[in-house]
Every structure is written in structure tokens, then in C-alpha cells.
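*Asks:* Here is a sequence with its predicted model. Questions after.
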Amino acid sequence: QRRVHGAGIKVLYTGDYSRYPDRHLMGAETPDVSPDVLVVESTYGIAEHEKREEREARFMGWVDKIVKRGGRCLIPVFALGRAQELLLILDEYWDRHPELQQIPVYYASSLAKRSLKIFQTYINMMNDRIRNHASYDNPFKFKWIRSLDRMDQFEDTGPSVVLASPGMLQPGTSRELFERWCSDPKSGCIFAGYSVEGTLAKLLCVTRPTEITRLDGKSVPLNMSIEEISFSAHSDYAQTREFVDTIEVNHVVLVHGDQKNVKKLKDRLSEEFKSKNLQVYSPKNTDVVKIKFTHENIVKVLGSVANEYPKPNSILKGLLISKDFQHTIVAPSDISNYTSLQLGSIRNTVVVPLGKPYTLKELLMHLHKYFLTFQSDDIRVIDPDNITVINDIEVQSHQTYEEHYIAIQLCKGLQLSVERPKNSNPAFVREVSVIWSTGRYLDIIADATLVALLHLYQPSTNTVCPEVDDDMFRLKCMNQMLSQYYTNIKLDISTFTFTFQYCGENVKIIAPLLVECSNADIKMKVQRTVRHIFLTLYPLPIADEGVCC
């Protein structure tokens, strides 16, 4: 089963399923949440399976009868699921009947052989019967059944039982053995699974012809006995009806069935669930099923947000949390109490180096221009025009204190960290760390603080080559940069223009930013490139106090 959630609508798709446990597998479970739409198979329509005990007894009766009359028993099977169930039944039956133990039983499927290792390993995934058996013996390590790896190794000299794939007698081992044995009246073929229209298996089960056409085109008489029994892993009507009733679904989409079975199942379900207004759909392949749903969006208010009953036209403040289309409003402080989420924070640290040495008092006086008050265990503001450093910290050794840094609280959540000046006279501050927790307002205050500190920053005055500021120099650099993007660029120094072709269109650039081209898309692409080059060659100038202007 597979559950799909979308836009608040729950869809359950069963696939091939059976509600009844068999020899090794558990029955399909009932989901803990009722879906809005059930997509269910309709393979058997309104037919019902016989009880497992009766079915197994009838099956083994046919096998016993065929081999005791000296015939070969062919059982076409699918490689997974049913093959393993039938092997368990045969091995147990052979163990109870010593008179049959000299008759070989084979399974001729490389895929079934490989998958058997999975069944032998994952015993814990099987039903209670298999798990109990596994406490003293692995039930999938068969005592009386062998693998038939190659047909040229098969000694077909007497009675035998062979499980072979494909299950519907398509070309393969089962078809080869069927054509070899079909004319022998002592032999028999037992179909234990579902057969679809157009296959030889379906033809044999429905019409019981007196002759068949082999794959080589020759017609041969059909004398062997043909039997059909359902060990199919598909739901019958009783299971489907009980499942629909249990999960209380309102919309059922029928798939995986022939037209007759689908129609019969649709009519029967619609009639039996008429009082519950069950809607049943039977689309053909590629048909679109449209179902209209009307859902109310319900939002729960929890925690401190719900302390006061909301008044008309009032604004409810909180965080809206949505999960599986269920909505909840809670206060940020209540997130961990009412959800599985944890409240976290991002802590930022920016280190600002100072271009020249400043005393601690000079640094604090500068910050006092921007912040009227700030708090620290080491600093006291006496009046708006004066700042006193407790104990005259500038001339005190840092060894007097346990901490090596002075923490200056500019506001709640934002602080400066300044290394304590060492014992020199005067003592200087070389760098300042700005530390804050990310938030809408704290980010703004932190930016303002960094700008204030950058006013103190004086970069080193390196000698710049005079031609760096020359427009001609920038023009030559622009030509080099454009050459990395485009070819055959022509530069007219007298007019400061570049011309070239791009994707068959003529392009003209008038330095530094103007782009001309008849094709709007190409013009836009070139403009983006030119803008990047411009920002490299013409950076924003820095004012004397370190602020971009």
C-alpha cells in the first residue's frame, strides 16, 4: 500500500493486495488514517476465493493424482510470491507422504532461485507461522525440492513435479515443458495464478481446446489434464468490500481489472454502500478522474497566544506552523512545548581592525556620539560629555582581572568585545569585535555600529600608480575583460566604443555602461556582463571617514 498526501487530500493506492494471510506472508494492514480517495484493484471483480485450507487440499489432490498415475505435473508460476507459497505447500506435503519422496520436485526459475535467498534471510518479515517455524528450522531451506538450473540437465525419465515460469505460458521454460508434455494423457498442468486475455494460459482455462499450436507453428493434440485454482495475491470481492467499509472512504477508483469485472464490482459496491453515498469510479487507461473536495482550513491557537479570547477585528500575533496540512499558531517561546521544532539563534561576530592605535577612552568617546548609553562592568558614564573608565583601566595590567576582554553592552543582544589594553602608557586598542544575535532590529543596530567603527578605520596609504585613475587605463582593462566573453572586439579609443558580433547580431558598447543592439535578449545579456565589468573598474568611492558615498 502507498499513501499520498497532497493539498490536504489523502489518497491510498493499494496495488496488488490481499487481506488474508497465506503460508508465508501477512495480510494487508488497515491504515490508521481514513483516506479521502481509495485506488483499489478489481482483478477478480465480484468473485470470491475459497478458503485457504480447502484450496490447498484441492491443489495437492490434483498433484498427487497426476504423479501417482505416472505423469508429469507442470505448475506455471510467477517467480515471486506465489512460487514460494506453493514450494512451502509441496515440501510439507512430500514430508508427510513417504510414498511420494522418490518423485522429484523442481523449481525452474533463476529469478525464483535468487529471490529465495531473500526469503531465507528476512524471516522476521513473514507471518507468525513462518517465524515460529524458524525457531528450529528455516522453512525456505527445502528438504524435498531442488532447483533446476538448466533444461539440458533435466532427467525427464518418469513422474515429476516442476514449477516453472512464466506463469501464463509465455515463451520460456514453462512453455517448453508444456509443449513437451501436452500430448501425454497421464500428465497434467495446474494454473495456480491469474491469467490475462490473449495468453495461452487464459485460452486453456476458458476453452479447453483439443489441440494447441506450438511456438514452431506445428499443431499437436492436447491430452494432458488442465486444472485451474486461485493462489493469486489479488483481493476478491469479500476482501474489497470489507476494506472499503473499514476505512470509511467516500471515493473509490477501480483499476487493474478487465472491463467486465470492473463494471460488476462498481455496480455491486455502489448498491451495497448506497446509504453511505459512496462514489465509485471506473476509468479506462489514460482517463482523468476529477473529484471535487471542499475543506475547511482549521487553525489551532495554542500556548500564551490563546490566553486571551480574540476580539473582532483584532490582530493575532504568533508563528503559523503547518505540518501535514494541519495549522497551528503559537508564540515563538512556545515552539518547543507544542511542536517538535527547536528555537535557535544565529550569533554573529565581526572583527574590525583599527588602522591606527586608539586609547580605550578615545574609542568609547567616539561610540558615545552614536549611543547615548551603554553598559559594562568596567565603564561608567557620568554625564553625556564624559566617560570614566573604572579604576583607570588604561594603565592597569590585565593580570588584575580574570577576563582578558571588556564586554560593552550597546543594547540587549548586541555587545562589543575589546581586548584589555596591556600595561603600557598610554595603552592602545588595536581591534574591536562586534557580537550580536541575528534579528530584524539587531542587524540594523549592528550595521550602524560597524559603520561607526569604520569611521575610525584608516587604511594604509599605499602609493597608487597614476594611470590607475586614468580613463584610458580603465578602457584598456575593459577591452581585456570583454575579450573573455566575446570575440573579434573592435575598440575605438576616440569615441570610447566597442563593437562586435554576438549570435549574429551587431553589438555596440559605449563605455562605461551604454549598450546598443537591435535584439532585446542579447542586449540584456551584454548589459549584465558590462555591469559586472563596470563595478570592477569603477568601485564605489570611500569617503574620508570610511563611509560609502
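*Replies:* That came through fine.

*Asks:* The closest residue in space to Phe78 that isn't next to it in sequence and Ser518: what is the separation?
*Replies:* Leaving aside its sequence neighbours, Phe78 sits nearest to Gly167 (CB to CB, 6 or more residues apart in numbering; 4.2 Å). Yep, even glycine has a C-beta here, placed from its N, CA and C like the rest. Applying CB to CB, to the nearest Å, the value for Gly167 to Ser518 is 67 Å.

*Asks:* Give me the distance between stretch 434-447 and the centre of its chain.
*Replies:* 36 Å (CA atoms, centre = their mean, to the nearest Å).

*Asks:* I meant to write stretch 247-264 there.
*Replies:* With CA atoms, centre = their mean, you get 29 Å for stretch 247-264.

*Asks:* With adjacent residues omitted, what lies nearest to Ile247?
*Replies:* Using CB to CB, 6+ apart, the closest residue to Ile247 is Ser34 (5.2 Å).

*Asks:* that older thread, the residue nearest to Phe78: which element?
*Replies:* Assigned by DSSP states H and E, Gly167 belongs to neither a helix nor a strand.

*Asks:* That one and Pro76 touch, don't they?
*Replies:* Yes - here Gly167 reaches Pro76: they are 5.0 Å apart, a contact under CB atoms under 8 Å.

*Asks:* Quick check: neighbours shared by those two?
*Replies:* Counting by CB atoms under 8 Å, 6 or more residues apart in numbering, the common neighbours of Gly167 and Pro76 are 174, 191, 193, 201.

*Asks:* between these, which is closest to Ser135?
*Replies:* Nearest to Ser135 among the shared contacts of Gly167 and Pro76, counting by CB to CB, is Gly193 at 30.7 Å.

*Asks:* okay, now Ile106: neighbour count?
*Replies:* Heads up, residue 106 is Tyr, not Ile. 17 (other CB atoms under 10 Å).

*Asks:* how near is it to Cys73?
*Replies:* Distance from Tyr106 to Cys73, by CB to CB: 11 Å.

*Asks:* Residues that sit against both of the two, list them.
*Replies:* 160-162.

*Asks:* For the stretch 1-150 of the chain, give me the ranges with low pLDDT.
*Replies:* Per-residue confidence for the stretch 1-150 of the chain (pLDDT under 70) gives these ranges: 1-7, 81.

*Asks:* can you give me the strands for the stretch 401-549 of the chain?
*Replies:* Using DSSP state E, counting those that start in this stretch, the strands of the stretch 401-549 of the chain run over 405-411, 414-419, 429-437, 490-492, 497-502, 505-510, 514-516.

*Asks:* and of those, who's closest to Tyr17?
*Replies:* Nearest to Tyr17 among the strands of the stretch 401-549 of the chain is strand 429-437 (53.2 Å), distances taken as CB to CB.

*Asks:* still on that earlier bit, quick check: which of the strands of the stretch 401-549 of the chain is buried the most?
*Replies:* strand 414-419 (a mean of 20; mean count of other CB atoms under 10 Å).

*Asks:* distance between it and the chain's centre?
*Replies:* Strand 414-419 sits 45 Å away from the centroid of its parent chain (CA atoms, centre = their mean).

*Asks:* Same question for stretch 49-66.
*Replies:* For stretch 49-66 - counting by CA atoms, centre = their mean - the centre lies 44 Å from the chain centre.

*Asks:* excluding its backbone neighbours, what's nearest Ala192?
*Replies:* That would be Phe231: by CB to CB, 6+ apart, it lies 4.3 Å from Ala192.

*Asks:* Okay, the one you found and Arg23: tell me how far apart.
*Replies:* Phe231 is 9 Å from Arg23, where distance means CB to CB.

*Asks:* Quickly list what Ile509 is bridged to.
*Replies:* Phe498, Val515 (DSSP bridges).

*Asks:* I figured it hits Val515, correct?
*Replies:* Yes - Ile509 lies in contact with Val515 (CB under 8 Å); the separation is 5.5 Å.

*Asks:* Mind listing the shared neighbours of those two?
*Replies:* Residues touching both Ile509 and Val515 (CB under 8 Å, 6+ apart): 526, 530.

*Asks:* Restrict the shared contacts of Tyr106 and Cys73 to the buried ones and give me that as a ChimeraX selection.
*Replies:* To isolate the buried subset of these in ChimeraX, counting by 16 or more other CB atoms under 10 Å, use the following:
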select :160,161,162
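
*Asks:* Just name the closest of the shared contacts of Tyr106 and Cys73 to His49, please.
*Replies:* Nearest to His49 among those, with distances taken as CB to CB, is Val161, at 23.2 Å.

*Asks:* In which helix or strand does that closest one reside?
*Replies:* strand 160-164.

*Asks:* List the residues that contact Thr210.
*Replies:* By CB under 8 Å, 6+ apart, Thr210 lies in contact with 221-222.

*Asks:* Report pLDDT for it.
*Replies:* Per-residue pLDDT puts Thr210 at 92.

*Asks:* same question, Thr328
*Replies:* 90.
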